[in-house]
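**Student:** Let's see this in three dimensions:
(2 chains)
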Amino acid sequence: MEITVNGVVQSIAAAEPDLLSVLKSNKIEDPQMVAVQLNGQFIESSQYAETILSEGDVVEFLYFMGGGSR
Amino acid sequence: MINFTTEQLNRYSRHILLQDVGVEGQVKLCRARVLVVGAGGLGSPAALYLAAAGVGTIGIVDNDQVDISNLQRQIVHGTKDIGRSKVESAAEAMRAINPDVEVRPLATMLCADNIMEIIKDYDFVLDGCDNFPTKFLVNDACVMAGIPFSHGGILRFDGQTMTVIPGESACYRCVFRQPPPPDSVPTCSQAGVLGAIAGMLGTIQTAEALKYITGSGRLLTDTLLSFDARNMDFRKVSLRRQEDCPVCGAHPTITELTDAEQTVCALK
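**Tutor:** Numbers count the residues shown, from 1 in each chain, chains lettered A, B, ... in the order given. The predicted structure follows:
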């Protein structure tokens, strides 16, 4: 199936991919490093493994960025 | 109404020419008060452009001294300033650009005990601090005080920013509930940052401050703008206020300010 991750269409081989595995396949090893929106709704990090994606879903990974000064 | 001198009309002529700013907008700028949090990578361009724009009162808060490793990106400071208080160094550069503006250097570290007293004197806060506890503190305090602010963060080739109008648009905690676990997210001092990224993001934040004051254009509210300068990809992600946000939601659970552990500072 195809989903859109951060604006780019990705093909997923799994029939019922969960959000956590999509995070991992996008090289986000520590789920705490991002906030995740699925179709415009934020998903709690505790729900990543249980959230199953469907065709056409839009996923956004919003990264923590703390730098500014040093 | 402020009566501009001929010199001021000349100084601000490129603003006055803008239909969206004009004399009225320049008067607003000259009466505005903006607080810059951090006299570092983001605060440097912000401080310089705010002063150049004639923003009437500019507070700048930072408790650090200028270090040689800052100079690759913190362009408000020069080689001669190494060892000086960052806010004193910044204030000198700002006054040199525009003696009209009142610069208030605040050589202190923002914390739960002093932030409300400091921010209450300002119309807009520009966050350019370097650590998550302070970013969350700035968010919570600005939401509680109802003061609009710009969030900014940079790392390596990346930057992100959003503008928050408390009570109207999504706040930082609507997106990021709590600071990330210590060490899970690298800092610029650990992972590096391309110097000009600080200029790119700091000037976007400053443009937001100027737009807010003059009421021009559309702000980055309910929007997280992020860019990756490796390929110069810019993206906007739409956000919404979260009803269950712990600080700006319907039933806030964060109702007073506390100091989180300064994990980033400990890594210095």
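
**Student:** Where does the residue nearest to residue B:176 when sequence neighbours are not counted sit: helix, strand or coil?
**Tutor:** Leaving aside its chain neighbours, residue B:176 sits nearest to residue A:35 (5.3 Å; criterion: CB to CB, 6 or more residues apart in numbering or on different chains). All C-beta atoms are positioned from the backbone trio N, CA, C, and that covers glycine. Under DSSP: H, G, I helix; E, B strand; the rest coil, residue A:35 falls in the strand class.

**Student:** got any ranges where chain B has weak pLDDT?
**Tutor:** Low-confidence segments of chain B (pLDDT under 70): B:1, B:261-268.

**Student:** what ranges do the helices span in the stretch 51-200 of chain B?
**Tutor:** B:86-97, B:115-119, B:132-145, B:172-175, B:188-191, B:195-214 (DSSP state H, counting those that start in this stretch).

**Student:** just chain A next, same as before
**Tutor:** Counting by DSSP state H, chain A has helices at residues A:19-25.

**Student:** Around chain A, which positions in the stretch 101-250 of chain B sit nearby?
**Tutor:** Residues of the stretch 101-250 of chain B lying close to chain A (CB under 8 Å from any CB of the partner chain) are B:127-132, B:135, B:152-155, B:158-160, B:174-177, B:180-181, B:184-185, B:187-189, B:193, B:198, B:224, B:226, B:235, B:237-238, B:240, B:242.

**Student:** how about the CA coordinates for the helix or strand containing residue B:36, as PDB?
**Tutor:** Here residue B:36, judged by DSSP states H and E, is contained in strand B:33-37. Extracted C-alpha coordinates of strand B:33-37, given in PDB (Å, rounded to 0.1, in the frame of the first residue of the first chain):
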ATOM      1  CA  ARG B  33       8.500  45.900  22.900                       C
ATOM      2  CA  VAL B  34      10.100  42.500  22.000                       C
ATOM      3  CA  LEU B  35      12.000  40.100  24.200                       C
ATOM      4  CA  VAL B  36      14.700  38.000  22.600                       C
ATOM      5  CA  VAL B  37      15.500  34.800  24.700                       C
END
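
**Student:** tell me which strands and helices that strand is in contact with?
**Tutor:** helix B:43-52, strand B:57-61, strand B:124-127 (3 or more CB pairs under 8 Å, 6 or more residues apart in numbering or on different chains; DSSP states H and E).
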